[in-house]
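J.: only geometry, no sequence info:
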């Protein structure tokens, strides 16, 4: 069982930056691939970024590539999402998720989810 708690969301102007954190409980965090997803009002939850259990492999949605960076610190049981050059269309609730198998770009590839943190980008 893994419990995930996101933090770091907020209101930022377009072009600004935020860093989201996701703290995980449990001693097996380092064995899970991790992902970030987001969901805007009236839209389906969509993939943002994923990272392998070791941190050696990452994958990004085209819409955030070059602006967002996913990383993890297994000693701190935490995964991060650094978001730069934010745009109004990045506004959404951001969720972190853990996969017992491998990094995935689909919602069904993840076993555990956090409660989400709101990111609002004003124009």
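T.: Perfect, I can see it now. Since this is a predicted model, take the numbers as computed values, not measurements. Numbers count the residues shown, from 1 in each chain.

J.: residue contacts, the nearest residue to residue 116 once chain neighbours are set aside?
T.: Nearest non-adjacent residue to residue 116, counting by Cβ to Cβ, 6 or more residues apart in numbering: residue 93, 4.2 Å away. Heads up, the C-betas are built off the backbone N, CA and C, glycines and all. Shown in contact with residue 93 (Cβ atoms under 8 Å, 6 or more residues apart in numbering): 38-40, 116-119.

J.: which one among these gets closest to residue 12?
T.: residue 119 (7.6 Å; Cβ to Cβ).

J.: that's a strand at the residue nearest to residue 116, yeah?
T.: Yes - using DSSP: H, G, I helix; E, B strand; the rest coil, the assignment for residue 93 is a strand.

J.: beta partners of it?
T.: Under the criterion DSSP bridges, residue 93 forms beta bridges with residue 39, residue 118.

J.: Quick one: the contacts of residue 93 as CSV, columns for distance to residue 84 too.
T.: Below are these laid out as CSV (distance: Cβ to Cβ, whole Å):
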residue, distance to residue 84
38, 16
39, 21
40, 19
116, 21
117, 17
118, 18
119, 13
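
J.: buried subset of the residues you listed?
T.: 38, 116-117, 119 (16 or more other Cβ atoms under 10 Å).

J.: Out of the residues you listed, which comes closest to residue 57?
T.: Using Cβ to Cβ, the buried ones among the contacts of residue 93 come closest to residue 57 at residue 38, 20.8 Å.

J.: can you map out the strands along the protein?
T.: Assigned by DSSP state E, the chain shows strands spanning 4-7, 10-13, 18-24, 33-39, 46-51, 58-60, 68-73, 78-83, 92-99, 112-113, 117-122.

J.: Which one of these lies nearest to residue 105?
T.: Nearest of the strands of the chain (Cβ to Cβ): strand 46-51, 4.4 Å.

J.: Buried residues, the closest one. List them.
T.: 47-51.

J.: which among those residues gets closest to residue 103?
T.: residue 50 (3.8 Å).

J.: which residues touch the closest one?
T.: With the criterion set at Cβ under 8 Å, 6+ apart, residue 50 makes contact with 33-36, 58-59, 70, 103-105.
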